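>>> below is the sequence, then the predicted model.
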Amino acid sequence: MDDVADAVGVSRATISNAYNRPDQLSAPLRREILRVAKRLGYPGPNPTARSLATRRSGAIAFMLDAGLSAAFSDPALSITLDALAAEVDPEGHALLLMPGGDDGGPRAERVLAAQADLAVAYSLADGAPALRAVRERALPLVVIDQPVVPGSARVGIDDRGGAVAAARHLLELGHRRFGILSAQCLSTPRGGPLTTREAMRSRFRDNRERLAGYLETLAAAGVPATDVPIWETSGLSREQAMSGAAALLATQPRPTALLCMSDELALAALAVARERGLSVPAHLSVAGFDDTPPARWSEPALTTVRQDLVDKGRTAGRLCLDLLAGRALPKPTVLDVELVVRASTGRASK
């Protein structure tokens with residue numbers, strides 16, 4: 001560092017700012033410092049020494065509810081994560097991905113040992129042990145979607161409102177026989193048919209909110225919850241959801257409309273309908289949730305509830321930066337949703 005400072009004719013503090021606080025320097029001066037540093041073979045401040053000096057690791061622990069392969073099979077996560085990273089990366093923060101397990105989040109001991117300045121909970125289950133570990137470490141916490149944790153910053157969406165819109169749309173098309181394809185609830189045993197009571201005990205808040213939105217809207221139109229079969233999928237991938245969609249379509253009388261708690265589940269339902277020779281939407285209407293890119297590319301294009309995943313990720317990133325800067329805890333942010341009607345829904349068959 002001394003050699004670079006002498007060569008450029010500035011102080012050691014200015015050299016440090018070029019790497020750690022670039023906003024404190026003019027762009028030309030920073031470029032000159034980096035050019036000279038490269039010529040002299042100086043790689044920049046030692047990250048370990050910097051961490052010890054600042055008591056900051058520069059890392060944000062991003063906690064998932066499932067393993068990496070399962071989690072990243074859902075495009076909604078990839079879009080949200082990319083937007084969050086775009087917010088925090090320019091400020092020098094890296095993401096430490098922490099895959100989840102069988103209890104709706106990472107193992108507590110992994111969180112306790114993680115070198116991180118802040119934790120992000122991405123759609124974790126209620127009571128996940130990872131949340132207890134965050135609390136024990138007194139780490140600042142940002143929650144995306146769920147659960148509701150006192151003392152955390154949170155960004156989520158109007159899950160119930162989106163479900164109401166999807167159910168109402170299908171009712172207006174004349175449908176009265178419904179099935180619900182649910183995301184995992186962490187039921188025991190996992191995966192399979194659920195009663196309404198069992199489904200409403202899901203450890204995931206968004207499941208409960210969406211289910212309530214569906215069933216309350218249907219009940220108000222004269223379709224009782226006892227007439228609506230519910231099937232829990234045990235994972236997040238399309239392949240795992242196909243058996244659930246097949247089971248719903250095998251019930252008698254067969255549903256004319258499926259309400260799916262994610263686009264991936266809805267795309268699985270479309271695949272099963274094709275296998276069974278059911279025309280969508282002539283014989284079956286399918287509605288998803290999220291409006292990920294595959295929803296627009298599917299055949300037919302998927303009617304779904306759109307949430308702004310990019311805005312959600314960016315908002316979470318800004319919340320991370322606010323907490324790391326010691327700013328006051330903001331009120332929870334709830335983003336609006338909207339129903340996007342495409343070709344996968346139509347009038348109920350006679």
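Sure, I can see it. Bear in mind the structure is a predicted one, so any value in this text is a computation, not a measurement.

>>> low-confidence ranges, this structure, go.
Filtered on pLDDT under 70, the chain yields the residue ranges 45-57, 187, 189, 235-237.

>>> strands along that one, start to end?
Here the chain has its strands, by DSSP state E, at 59-63, 94-98, 118-122, 141-144, 153-157, 178-182, 192-194, 230-232, 257-260, 285-290, 303-307, 333-335, 337-340.

>>> measure the nearest residue to residue 321 once chain neighbours are set aside to residue 317 for me?
Leaving aside its sequence neighbours, residue 321 sits nearest to residue 91 (CB to CB, 6 or more residues apart in numbering; 5.9 Å). In short, each C-beta sits where N, CA and C put it, glycine included. Residue 91 sits 9 Å away from residue 317, going by CB to CB, to the nearest Å.

>>> ok, now which ones touch residue 6?
For residue 6, the contact set (CB atoms under 8 Å, 6 or more residues apart in numbering) is empty.

>>> next one: it from residue 33, what distance?
Counting by CB to CB, the gap from residue 6 to residue 33 is 12 Å.

>>> likewise for residue 200?
Note on residue 200: its distance to residue 33, by CB to CB, is 60 Å.

>>> what do you get for residue 325?
For residue 325 relative to residue 33 (CB to CB), the value is 25 Å.

>>> same check, this time on residue 10
Distance, residue 10 to residue 33, using CB to CB: 7 Å.

>>> do the same with residue 244
According to CB to CB, residue 244 and residue 33 sit 58 Å apart.

>>> okay, now the domains of the protein?
If you go by automatic domain parsing, the domain ranges for the chain are 2-45, 59-157+309-335, 159-307.

>>> not counting sequence-adjacent ones, nearest residue to the most centrally placed residue in the chain?
Centroid check for the chain by CA atoms, centre = their mean gives residue 77 as the closest residue, at 4.5 Å. Among residues not flanking residue 77 along the chain, residue 71 sits closest, at 5.4 Å (CB to CB, 6+ apart).

>>> next one: that neighbour from residue 184, what distance?
In this view, residue 71 and residue 184 are 12 Å apart by CB to CB.

>>> about what we covered before: pretty sure the residue nearest to residue 77 is touching residue 99, no?
Yes. With contact defined as CB atoms under 8 Å, residue 71 counts as touching residue 99 (6.9 Å).

>>> what's the closest of the domains of the chain to residue 343?
With distances scored as CB to CB, the stretch of the domains of the chain nearest to residue 343 is domain 159-307 (3.6 Å).

>>> buried sites along stretch 226-244?
Within stretch 226-244, the residues that count as buried by 16 or more other CB atoms under 10 Å are 228-238, 240-244.

>>> brain fart, stretch 173-187
Neighbour-count burial for stretch 173-187 flags 173, 175-187 (criterion: 16+ other CB under 10 Å).

>>> cool, and stretch 8-15?
By neighbour count on 16+ other CB under 10 Å, the buried set for stretch 8-15 is 8, 10, 14, 15.

>>> same check, this time on stretch 64-79
64-66, 70-79.

>>> which residues do residue 71 and residue 99 both contact?
Residues touching both residue 71 and residue 99 (CB under 8 Å, 6+ apart): residue 64.

>>> that concludes my questions; thank you for your assistance.
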